[in-house]
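In: Give me a 3D structure for the following:
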Amino acid sequence: MEAKEFQKKCADLVEKMDDKFGVERNPQLSFTQMVEEIGELAKDINLKQLRKKDPDMENLSGEFADVFMQLSALARMYGVDLEEAVENKVKVLKNRGYID
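Out: Residues are numbered from 1 along each chain as shown. As a prediction, the model looks like this:
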């Protein structure tokens, strides 16, 4: 699956859940939901250091997915193609000499 298709699939899933629960999404909601999901991901990542527990890999991967789905929904609202955005950023980093 191409990156553009994957971004669309993720954003579509968020839209379907919104429809199911009658949520009217806007950029602020998407951003705060993404931050919430990042917090849940951080909690799992910090388990080892704070609680001496290994994170449950299924839950951890689910948290990564939640973050990406929310990012995809937010990017759609602003008309941002994540693949293109990353490719453009790589060019900028190369031009600055940060990467080869």
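In: tell me, what residue is most central in the chain?
Out: In the chain, the C-alpha nearest the mean C-alpha coordinate belongs to residue 68, at 2.2 Å (C-alpha atoms, centre = their mean).
In: what ranges do the helices span in the protein?
Out: Under the criterion DSSP state H, helices of the chain are mapped to 3-21, 27-51, 57-77, 82-95.
In: Now tabulate those helices in a markdown table and tack on mean pLDDT.
Out: Output for the helices of the chain, formatted as a markdown table (pLDDT from 0 to 100):
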| stretch | mean pLDDT |
| --- | --- |
| helix 3-21 | 97 |
| helix 27-51 | 97 |
| helix 57-77 | 97 |
| helix 82-95 | 97 |
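In: which other residues reach stretch 27-41?
Out: 14, 23, 60, 63-64, 66-67, 70-71, 73-74, 77-78 (C-beta atoms under 8 Å, 6 or more residues apart in numbering). Where you see a C-beta, it was placed from the backbone N, CA and C, and this is true even at glycine.
In: Turn these into TSV, including distance to residue 1 and neighbour count.
Out: TSV is the format used below for the contacts of stretch 27-41 (distance: C-beta to C-beta, whole Å; neighbours: other C-beta atoms under 10 Å):
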residue	distance to residue 1	neighbour count
14	17	21
23	26	13
60	22	16
63	21	19
64	17	13
66	19	19
67	19	19
70	19	23
71	17	21
73	18	25
74	20	20
77	22	14
78	22	8
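In: what two of these are the furthest from one another?
Out: By the measure C-beta to C-beta, 60 and 78 form the most distant pair in the contacts of stretch 27-41, at 27.9 Å.
In: if we can go back for a sec, tell me which of the helices of the chain is the most buried.
Out: By mean neighbour count, with neighbours taken as mean count of other C-beta atoms under 10 Å, helix 57-77 ranks first of the helices of the chain at a mean of 17.
In: Find out how far it is from the centre of the chain, if you would.
Out: 4 Å (C-alpha atoms, centre = their mean, to the nearest Å).
In: Just the angle for it relative to helix 3-21, thanks.
Out: With axes from the mean of the first three to the mean of the last three C-alpha atoms, to 10 degrees applied, the angle from helix 57-77 to helix 3-21 works out at 90 degrees.
In: Does anything pack onto helix 57-77? Which helices or strands?
Out: Applying 3 or more C-beta pairs under 8 Å, 6 or more residues apart in numbering; DSSP states H and E, one finds that helix 57-77 contacts helix 3-21, helix 27-51, helix 82-95.
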